[in-house]
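Engineer: quick one: sequence and predicted model below, then my questions.
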Amino acid sequence: MALRPTVGQQIDLALRRSIPVALAVLLLFLGILPWNTHGLGPMNANLVLIPIYYWTLYRPRLMTVWAVAALGLISDFLMGTLLGVNMLTFLVGYRVAVSQRKIFAGAPFIIVWAGFLLMSGVAGLVQWLLATIVKEQIDFNLRPALFLYMIGAVAYPPCAYAFAWIQRRSLFRVA
């Protein structure tokens, strides 16, 4: 006869399972703070792609496609962008991470980081194309996009280190 977990154990497990999405929401809010970036716009897309990529590689059952879609919709609402732009961007990033999971999950960090840079670049291109379609004009000024891409590239290593630490400390019994 199997023992049923107590209510406290079930709550503990649910909270542990929600950590990846909660971290993505935290980075989403961090990215929409007014950082005085002089017209570059909110930089949350690359920051939110970090936990999406990391947790999709290492704990895919904790970062689901539904959670990614919800993060995108929340981002669209908070930023005031056309509904679906960030959602589609995040879903493209998620799909790239899912498709390359077997390659990157056991690879050295530098390879995983390169995978993030590739995924972030593809997602950024999708976001730029969607913004171009919505505005109905092509913006060839790539400085803002490259700056935001670099923010994501520089932020990935410390975030990945923190996520790995959190994973070792709190998620070792989950999924």
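Structural biologist: Received it, and whenever you're ready, just let me know what you need.

Engineer: poorly predicted segments of the protein, please.
Structural biologist: For the chain, the stretches with pLDDT under 70 are 1-2, 35-45, 137-141, 171-175.

Engineer: please enumerate the helices of this structure.
Structural biologist: Secondary structure of the chain by DSSP state H: the helices cover 7-17, 19-31, 44-58, 65-79, 85-99, 101-104, 109-135, 143-170.

Engineer: middle-most residue in the protein, spatially?
Structural biologist: Leu49 (2.5 Å; CA atoms, centre = their mean).

Engineer: how close does that one sit to Phe163?
Structural biologist: Per CB to CB, to the nearest Å, Leu49 is found 13 Å from Phe163. All C-beta spots, glycine's among them, are computed from the backbone N, C-alpha and C.

Engineer: the closest residue to Pro157 other than its chain neighbours - how many residues pack around it?
Structural biologist: Nearest residue to Pro157, sequence neighbours excluded (CB to CB, 6 or more residues apart in numbering): Trp113, at 6.6 Å. Trp113 has 17 neighbours, counted by other CB atoms under 10 Å.

Engineer: Trp113 contacts Tyr156, correct?
Structural biologist: Yes - using CB atoms under 8 Å, Trp113 makes contact with Tyr156 at a distance of 6.0 Å.

Engineer: show me what counts as buried in stretch 111-120.
Structural biologist: By 16 or more other CB atoms under 10 Å, the buried positions in stretch 111-120 come out as 112-113, 115-116, 119-120.

Engineer: I meant to write stretch 90-99 there.
Structural biologist: For stretch 90-99, the buried set under the neighbour-count rule, 16+ other CB under 10 Å, comprises 90-97.

Engineer: now for Val122: which residues touch it?
Structural biologist: 92-93, 96 (CB atoms under 8 Å, 6 or more residues apart in numbering).

Engineer: any idea which of the residues you listed is closest to Ala14?
Structural biologist: Checking the contacts of Val122 against Ala14 by CB to CB gives Gly93 as the nearest, at 25.6 Å.
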